[in-house]
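Trainee: Need a 3D model of the sequence below.
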Amino acid sequence: MAISVLFLFLVVRGLDPARFWENLRQANYQWFLPASVFLVVSYALRAFRWRLLLDGQVGSLRAFSVINVGYLLNNVLPFRLSDVARAYLISRGTPVGGARGLSSVVVERVTDVLAVVILLAGVLAFALPPALAGVGGGALTSQIVGAGLTMTVAALVAFILLTVAAVRPTWPLRAVTWGLRRVPRLNEQRITGLVSQLLDGLSALSDWRRMLALFAWTAAIWGVSILADWAVARAFVAEADLALGAFILALTGLGVSLPSSPGQWGVFEAAAVLALQAFTVPQESAVAVALTLHALGTVLSSALGALFLLREGESLLGIADAVHQWMVHMRSSRASSPS
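Mentor: Coordinates of the predicted model:
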């Protein structure tokens, strides 16, 4: 929470309220319609990608439903607990185990991080923002590149380890079994079963055809997301182009990886404003774009999530409590059965 407050303060520091409200009044909100369509399409593409990771064991509508409920929970729950909630929800009424659902979400996250750094590298290489190309922009460029390189190394290491685990699942299983035999009072059978489920969620990485499909879905997701960010920026900045949309998406992708409040408020706005000002967009316009872009995504995902939550006859508190109980059960299952 403190990080979110700090970044929100930095975003609005020095802001001219009159110019900010003038930007909101004069915006061409017709652009919000295509932006909304692009956002919903990106959610649908994410459902198709997740279905691929789950070997088609869930329907597209079910995956779409759970993803949007996850977005809703992300807006109210801290510490990315929405990812755990997704794993729990997808395990209900489907052949997919919770552990497998969770590992598939991990694959999603790592793949998305790779997409972010590739997108960032593409913008810096082929459409360097004017403010970064000018005098004084070198230091900021170095900081952005440094953050991107750090994430690249982390994502590549994680992706390689996940791929090795997918191709040679017996290796991590042997390591886990070896460790469990040296720790008494743990349910070896139960834990190795959970590890097997986790490894099942990595199966797409063991087949080059499915891996290519994973990359293709990811490229489509991020391509449509660029269009969504560009459309919102276009509502406030007449000269906004796709390079600006791509840079907003890349930096916000980096920003939301930081710990913050539910919904990533503050860090999202700071990253978006940094991207916009790099393209010489005035602060008041940049803040207007950042806030409305974040608000639009939050409202859309929350509305869809609430709709699917009602469809399942659930409530936010009910889901949160069920996820908590599921996590307690998963932890307690590590203990051995009393002899």
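Trainee: which secondary element of this protein has the worst mean pLDDT?
Mentor: Ranked by mean pLDDT, DSSP states H and E, the weakest helix or strand in the chain is helix 130-133, scoring a mean of 69.
Trainee: What is the subsequent helix or strand relative to that one?
Mentor: Counting by DSSP states H and E, the next helix or strand C-terminal to helix 130-133 is helix 137-167.
Trainee: That next one: which residues count as buried?
Mentor: 141, 144, 147-148, 151-152, 155, 158-159, 162-163, 165-166 (16 or more other Cβ atoms under 10 Å). To be clear about C-beta, it is placed using only N, CA and C from the backbone, and glycine gets the same treatment.
Trainee: Tell me which other helices or strands it touches.
Mentor: helix 98-126, helix 130-133, helix 170-180, helix 242-255 (3 or more Cβ pairs under 8 Å, 6 or more residues apart in numbering; DSSP states H and E).
Trainee: The same query, at a cut-off of 6 Å, please.
Mentor: helix 98-126 (3 or more Cβ pairs under 6 Å, 6 or more residues apart in numbering; DSSP states H and E).
Trainee: quick one, the helix it packs on and helix 242-255 angle?
Mentor: Helix 98-126 and helix 242-255 meet at an angle of 140 degrees, taking axes from the mean of the first three to the mean of the last three Cα atoms, to 10 degrees as the criterion.
Trainee: Going by neighbour count, list what's buried in helix 98-126.
Mentor: By 16+ other Cβ under 10 Å, the buried positions in helix 98-126 come out as 98-108, 110-120, 123-124.
Trainee: ok, back up a step: may I see the buried residues of helix 137-167 organised as a markdown table, with pLDDT and distance to Leu199 added?
Mentor: Below are those laid out as a markdown table (pLDDT from 0 to 100; distance: Cβ to Cβ, whole Å):
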| residue | pLDDT | distance to Leu199 |
| --- | --- | --- |
| Thr141 | 64 | 40 |
| Ile144 | 73 | 36 |
| Ala147 | 73 | 31 |
| Gly148 | 71 | 30 |
| Met151 | 75 | 25 |
| Thr152 | 79 | 25 |
| Ala155 | 81 | 20 |
| Ala158 | 86 | 15 |
| Phe159 | 86 | 15 |
| Leu162 | 86 | 10 |
| Thr163 | 88 | 12 |
| Ala165 | 85 | 6 |
| Ala166 | 83 | 7 |
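Trainee: which one of those residues is nearest Arg19?
Mentor: Comparing those against Arg19 with Cβ to Cβ places Ile144 closest, at 26.7 Å.
Trainee: residues touching the nearest residue to Asp16 once chain neighbours are set aside, list them.
Mentor: Sequence neighbours aside, Glu284 is the residue nearest to Asp16 in space, at 5.7 Å (criterion: Cβ to Cβ, 6 or more residues apart in numbering). Neighbouring residues of Glu284 by Cβ atoms under 6 Å, 6 or more residues apart in numbering: Asp16, Arg19, Phe20, Asn23.
Trainee: which residue sits closest to Ala256, ignoring its sequence neighbours?
Mentor: To be clear, residue 256 is Val; Ala isn't right here. Gln264 (4.3 Å).
Trainee: hang on, I meant Ala272
Mentor: Among residues not flanking Ala272 along the chain, Ala290 sits closest, at 3.7 Å (Cβ to Cβ, 6+ apart).
Trainee: Okay, and the one you found sits in which element?
Mentor: Using DSSP H and E, Ala290 falls within helix 283-311.
Trainee: Toward the C-terminus, what is the element adjacent to that helix?
Mentor: That would be, after helix 283-311 and using DSSP H and E, helix 316-332.
Trainee: about what we covered before: which of the contacts of Glu284 sits closest to Trp217?
Mentor: Asn23 (35.6 Å).
Trainee: In a helix, that closest one, correct?
Mentor: Yes: checked against DSSP: H, G, I helix; E, B strand; the rest coil, Asn23 lies within a helix.
Trainee: Verify the stated contact: it with Ala290.
Mentor: No: in this structure Asn23 lies outside contact range of Ala290 using Cβ atoms under 6 Å: 11.4 Å.
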